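J.: Build me a structure from this.
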Amino acid sequence: MTARRNYNLTWQLDEAELLAEFITQFYGRDVPIPEEVVLPLDIEGTVPLAEWLTERRGRKVRVLVPQRGERMRLVELANRNAKEVWQERGSRDEARRRVLDEIKQRLLLQRLPQRMECFDVSTIQGQATVASMAVVLDGEPAPAEYRHYRIKTVVGSDDYAALQEVLQRRLLRGREANDLPDFILIDGGKGQLGILTLVLDELNLAGAIDVAGMAKSRVKANVRGRAVERSEERFFLAGRKNPVILRRGSAALFLLERLRDEAHRFAITHHRKVRSKNQLQSSLNDIPGVGAKRQRALLKHFGSLKRVKAASLAELQAMPGLPASIAGQVYRYFHPVD
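T.: Here you go, the predicted structure:
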């Protein structure tokens, strides 16, 4: 055996139809086609399938359904491998289910948190405030479900107001589309959790979604100011004064920490992009005669703002579509001494 690949398929056809459809899709891609394709059961259209594979390969291909011998032993081996993968997948699913059950029990949730969402706000001195949503589905991160949010209604540095705006937008859309999470984890303590419960009350969703706030661990210091111990992560629940502490090193704590860290990472990454774009635009915006269209043209032609700054007057004048007077404006802006 030189390779092994496993595919989990939604079972909507009988075995023969499923196998025929899978072979067509698999070999319809840019993959090597062998001299022989050995199948575990007979399918309709074996001859046309062999002809199609022969045409794609450029040499003869046989499609076989062995009943004995070495090829039959290969089929049995493939079946055993498939069964092992299925059993391993079942074990992983069961392990994830146990983790979700532990989160439900420890955080006093009303329902199993199959879809968990975490929100984080990122800003530096009130500039380019953005927020992010990270998602865990059935105990696994789901990057395709992550979302970025540009803050639209908040001016200046007000993380609470920014968080309130994002939660309102997400939950309004979810209510209209019947696409609400089972559980929302907020990166923060009682203050952030209060904002979340307020939004849920306003939208008549209180009780429909479980919530918790995850406060970062604190470092305890001795009299000399040196860190000596890091406290546990604390989970604040609505209507409960004291936080819940999950067992350090537990799978439940690890999953919630990972969800929180993903939301933070996603927000920070997007914030850097937005800030960089704003800085880029602000440089070119200050040049008379250079609007958004010419900014894009300059960046496309030279490749980056750094190269625009370093361009000589002759290089700017040689750019197609850029008037000589504007080329001079750009050059003088970046080379005032010259």
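
J.: How confident was the prediction at H270?
T.: If you check H270, the pLDDT there is 55.

J.: what does K309 give?
T.: pLDDT at K309 comes out at 84.

J.: try F119
T.: In this model, F119 carries a pLDDT of 91.

J.: Show me where this protein has its helices.
T.: Along the chain, the segments classed as helices by DSSP state H run 15-27, 46-57, 69-106, 159-177, 190-202, 251-285, 292-302, 305-310, 313-317, 324-334.

J.: can the ones you listed go into a markdown table with extra columns for distance to V63 and mean neighbour count?
T.: (C-beta placed from N, C-alpha, C; glycine too.) Shown next, in a markdown table, are the helices of the chain (distance: least, Cβ to Cβ, whole Å; neighbours: other Cβ atoms under 10 Å):
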| stretch | distance to V63 | mean neighbour count |
| --- | --- | --- |
| helix 15-27 | 8 | 14 |
| helix 46-57 | 4 | 15 |
| helix 69-106 | 12 | 13 |
| helix 159-177 | 45 | 18 |
| helix 190-202 | 58 | 18 |
| helix 251-285 | 45 | 17 |
| helix 292-302 | 51 | 15 |
| helix 305-310 | 56 | 15 |
| helix 313-317 | 61 | 15 |
| helix 324-334 | 65 | 16 |
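
J.: quick one: low-confidence parts of the protein?
T.: Residues of the chain that meet the criterion pLDDT under 70 lie in 10-13, 123-128, 155-157, 217-231, 270-283, 337-338.

J.: roughly how far apart are the residue nearest the centre of it and H264?
T.: When Cα atoms, centre = their mean is applied to the chain, the residue found nearest the centroid is P143 (1.9 Å). Here the distance between P143 and H264 works out to 15 Å (Cβ to Cβ, to the nearest Å).

J.: With T46 instead?
T.: 55 Å.

J.: follow-up on the earlier one: out of the helices of the chain, which gets nearest to S132?
T.: For S132, the closest of those is helix 251-285, at 3.7 Å, according to Cβ to Cβ.

J.: Quick check: phi and psi on N6?
T.: phi -120, psi 140 (degrees, to the nearest 10).

J.: count of neighbours near it?
T.: 11 (other Cβ atoms under 10 Å).

J.: Now do the contacts for it.
T.: 81-82, 85 (Cβ atoms under 8 Å, 6 or more residues apart in numbering).

J.: repeat that with 6 Å
T.: N6 sits next to V85 when contact means Cβ atoms under 6 Å, 6 or more residues apart in numbering.

J.: Also the one 10 residues further on?
T.: Contacts for A16 were tallied using Cβ under 6 Å, 6+ apart; they are I43.

J.: measure it to G191 for me?
T.: 60 Å.

J.: just N81 next, same as before
T.: 53 Å.

J.: F254 and I186: what is the separation?
T.: Per Cβ to Cβ, F254 is found 19 Å from I186.

J.: Oh, that last question was meant for A314, not what I typed.
T.: 56 Å.

J.: cool, and L203?
T.: 16 Å.

J.: The two - which one has more neighbours?
T.: Shown here are L203 and I186; by other Cβ under 10 Å, I186 has more neighbours (26 against 16).

J.: Verify the stated contact: that one with T197.
T.: No: I186 lies out of contact with T197 (Cβ atoms under 6 Å); the separation is 9.7 Å.

J.: JSON lines please, covering the helices of the chain and showing distance to T153.
T.: Listed next are the helices of the chain as JSON lines, based on distance: least, Cβ to Cβ, whole Å:
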{"stretch": "helix 15-27", "distance to T153": "47"}
{"stretch": "helix 46-57", "distance to T153": "56"}
{"stretch": "helix 69-106", "distance to T153": "33"}
{"stretch": "helix 159-177", "distance to T153": "5"}
{"stretch": "helix 190-202", "distance to T153": "14"}
{"stretch": "helix 251-285", "distance to T153": "17"}
{"stretch": "helix 292-302", "distance to T153": "24"}
{"stretch": "helix 305-310", "distance to T153": "30"}
{"stretch": "helix 313-317", "distance to T153": "40"}
{"stretch": "helix 324-334", "distance to T153": "34"}
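
J.: quick one: which of those helices is nearest R150?
T.: helix 251-285 (7.4 Å).

J.: hmm, who's touching stretch 30-45?
T.: 16, 19-20, 27, 53, 56-57, 62-65, 71, 74-75.

J.: wait, which of these is closest to L137?
T.: L19 (28.8 Å).

J.: Not counting residues beside it along the chain, what's closest to the closest one?
T.: In space, and not counting its chain neighbours, L19 is closest to I43: 5.5 Å by Cβ to Cβ, 6 or more residues apart in numbering.

J.: Burial check on the one you found, number of neighbours?
T.: 18.

J.: Okay, it and G291: tell me how far apart.
T.: 62 Å.

J.: Equivalent analysis for L109, please.
T.: Distance of L109 to G291, computed by Cβ to Cβ: 53 Å.

J.: Settle it for me: which of the two has more neighbours?
T.: Taking neighbours as other Cβ under 10 Å, L109 and G291 compare with L109 leading, 19 against 10.

J.: I184 pairs with what?
T.: Bridge pairing for I184 (DSSP bridges) gives the partners E117, V211.

J.: Give me the nearest residue to L64, chain neighbours excluded.
T.: Closest to L64 by Cβ to Cβ, 6+ apart is V38, at 5.2 Å.
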